[in-house]
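# Quick one, fold the following:
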Amino acid sequence: MRASLLALALLAGSAWAQDPVLDKRVAGLAHELRCLVCQNQTLAESNAPLAVDLRNQIREQLKSGASERDVIDFMVARYGDFVLYRPPLKASTLALWIGPFVLLLGGALLLWRRIARRRVPQPQLSEADHARAAKLLE
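So this is what the prediction gives:
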């Protein structure tokens with residue numbers, strides 16, 4: 001009986017110890033940062049072990065008094081601009097912004113060239129076929 005009361009008290013204490021404001025700040029930052037192992041997922045969406053570790057690191061930094069900007073700057077310094085879900089437009093990230101459009105244009109050009117090459121040439125009529133067609137039209 002005492003053990004169950006102690007366990008209940010510990011559970012209730014840990015639930016009350018959570019800070020909803022801190023949770024909201026962590027979630028906001030986790031939506032702005034990219035999971036480094038997942039394809040096109042934020043840290044908030046990913047369940048990868050690295051994403052869990054990075055969310056915990058964000059929580060610890062915010063808990064120790066760092067601002068959101070400090071946390072983002074730390075992550076960018078450590079992992080580069082790729083960690084930002086919306087990287088800034090600058091020379092080093094130009095490929096991230098323009099790359100999809102270049103690939104789309106390249107694919108469209110390849111498709112156009114392939115279709116242009118597949119055109120079936122008009123059959124050439126021999127002299128005999130040409131004469132027979134002229135006779136039928138008279």
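# Can you tell me the SS state at the residue most central in space within the chain?
The centre of the chain sits closest to residue 40, judged by CA atoms, centre = their mean, with a distance of 2.4 Å. The three-state assignment at residue 40 reads coil, by DSSP: H, G, I helix; E, B strand; the rest coil.
# Is it correct that residue 87 is in contact with residue 81?
Yes. At 4.5 Å, residue 87 counts as touching residue 81 under the criterion of CB atoms under 8 Å. The C-beta positions use only the backbone N, C-alpha and C, and glycine is treated the same way.
# okay, these two: which has more neighbours?
The neighbour count for residue 87 versus residue 81, taken as other CB atoms under 10 Å, is higher for residue 87 (17 against 14).
# so what sits against both of residue 87 and residue 81?
Counting by CB atoms under 8 Å, 6 or more residues apart in numbering, the common neighbours of residue 87 and residue 81 are 93, 96.
# Point out where this structure drops to low pLDDT.
Low-confidence segments of the chain (pLDDT under 70): 1-17.
# any idea which helix is longest in it?
Identified as the longest helix of the chain according to DSSP state H is helix 94-117.
# Show me what that one is packed up against.
Here helix 94-117 touches no other helix or strand, going by 3 or more CB pairs under 8 Å, 6 or more residues apart in numbering; DSSP states H and E.
# Now for the residue nearest to the centre of the chain: which residues touch it?
No contacts exist for residue 40 under CB under 8 Å, 6+ apart.
# Work out for me the element residue 76 sits within.
helix 68-79 (DSSP states H and E).
# Which positions in that helix come out as buried?
Across helix 68-79, burial judged by 16 or more other CB atoms under 10 Å covers 71-72, 75-76.
# do the same with stretch 109-128
Of the residues in stretch 109-128, none is buried (16+ other CB under 10 Å).
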